[in-house]
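K.L.:
Any chance you could fold what I've pasted below:
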Amino acid sequence: MDQTFNAIDVETANNDRASICQIGIVHVENGVIVDTWKSYVNPEDWFDPWIVEIHGISEEMVASSPTIPELHKKLQDRLGEIPLVSHTAFDRVSLERAMQKYELNPLQVQWLDSATVARRTWKKFSKSGYGLRNLANELGIAFKHHDALEDARAAAQILLKAITESDIGISEWLKQTAQHASTPRETIVYKNLSGKVDGNLYGETLVFTGSLAMKRSEAVQKASAAGCVVVSSVNTDVSVLVVGTQDKHKLKGMSKSSKHRKAEELIAEGYDIQIISESDFLDLISNDAV
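P.N.:
Numbers count the residues shown, from 1 in each chain. As a prediction, the model looks like this:
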């Protein structure tokens, strides 16, 4: 079986996926980690104090670090044409959004989602429990969460265990996920939004908060067509919170909505919840990669 690939993870300064402040890469050859690389990144953006508490990376720590344009060639040279693994689509979207921000060419790589592979390999994770922390704990992988290199290493080890368990190599997994991504989508009836099984984000439970550029009903339909179960409130089953524009008159003196604050509380307790912007949400659902 072919087991040669790169794994990548990023940390961001705030909820904008383009605000990358750290990148970690793990190089795997024939099933063995042979090299690693990590760099702080100056996102040229503001740092959300709450997110800084999670990953420990501050604006001062990255002030003299290279920007994405300064790292672009190094990233492409290091990644080459080997399949690139990330755990869920969020790291891919971060890198795509960062390239768009600086009008750079996207990385010329073939993406593979280790969460998708794990969900197909172990039935117990097919609908839930496939977050990086939970999978690592279940599979006996020790790592320090929210450090880009540690997370990339965990994603690589999860994929290697899935390859061993499934007896399916990288090339075949790429084919299988590509077939899954190209499955035609049927029209969704708005009153029956349970999440399409063949959607790119199947298994994610999503909540919207704030005002969106599109109608909320349209956003809900798009999320469901992408595979998400859309719910109205934040709870321990939620994995994605999409934050729109907040009406200060509805915040009652707070800087964030009650849904946003609840999501942050759950993340602090160890739950894997991604907090993203509307534009990041649209990037996630517009790409057919799984």
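
K.L.:
For the protein, which segments count as strands?
P.N.:
5-12, 20-29, 32-40, 84-86, 111-113, 205-209, 229-230, 240-243, 274-277 (DSSP state E).

K.L.:
Including mean pLDDT, mean neighbour count and distance to residue 78, could these go into TSV?
P.N.:
Just so you know, the C-beta spots here come from the backbone N, C-alpha and C atoms, and that holds for glycine as well. TSV is the format used below for the strands of the chain (pLDDT from 0 to 100; neighbours: other CB atoms under 10 Å; distance: least, CB to CB, whole Å):
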stretch	mean pLDDT	mean neighbour count	distance to residue 78
strand 5-12	98	26	8
strand 20-29	98	23	6
strand 32-40	98	14	6
strand 84-86	97	25	10
strand 111-113	95	23	16
strand 205-209	95	22	33
strand 229-230	93	20	37
strand 240-243	95	24	29
strand 274-277	93	22	26
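
K.L.:
And residue 72, how far from residue 104?
P.N.:
Using CB to CB, to the nearest Å, one gets 5 Å for the distance from residue 72 to residue 104.

K.L.:
let me fix that: residue 228
P.N.:
Counting by CB to CB, the separation of residue 228 from residue 104 is 29 Å.

K.L.:
Can you tell me which of the strands of the chain is nearest to residue 199?
P.N.:
Nearest of the strands of the chain to residue 199, taken as CB to CB: strand 229-230 at 10.3 Å.

K.L.:
which other helices and strands contact the closest one?
P.N.:
Where contact means 3 or more CB pairs under 8 Å, 6 or more residues apart in numbering; DSSP states H and E, strand 229-230 is packed against strand 205-209, helix 216-225.

K.L.:
Tell me which helix or strand in this protein has the weakest average pLDDT.
P.N.:
In the chain, no helix or strand scores lower on mean pLDDT, DSSP states H and E than helix 170-181, which sits at a mean of 80.

K.L.:
So what's the gap between it and the chain middle?
P.N.:
In terms of CA atoms, centre = their mean, to the nearest Å, the centre of helix 170-181 is set 19 Å apart from its chain centre.

K.L.:
Quick check: which ranges of the stretch 51-200 of the chain have low pLDDT?
P.N.:
By pLDDT under 70, the low-scoring segments of the stretch 51-200 of the chain are 179-198.

K.L.:
ok, the closest residue in space to residue 212 that isn't next to it in sequence - contacts?
P.N.:
Closest residue to residue 212 apart from its sequence neighbours, by CB to CB, 6 or more residues apart in numbering: residue 244 at 4.3 Å. Listed by CB atoms under 8 Å, 6 or more residues apart in numbering, the contact set of residue 244 reads 208, 209, 210, 211, 212, 213, 278.
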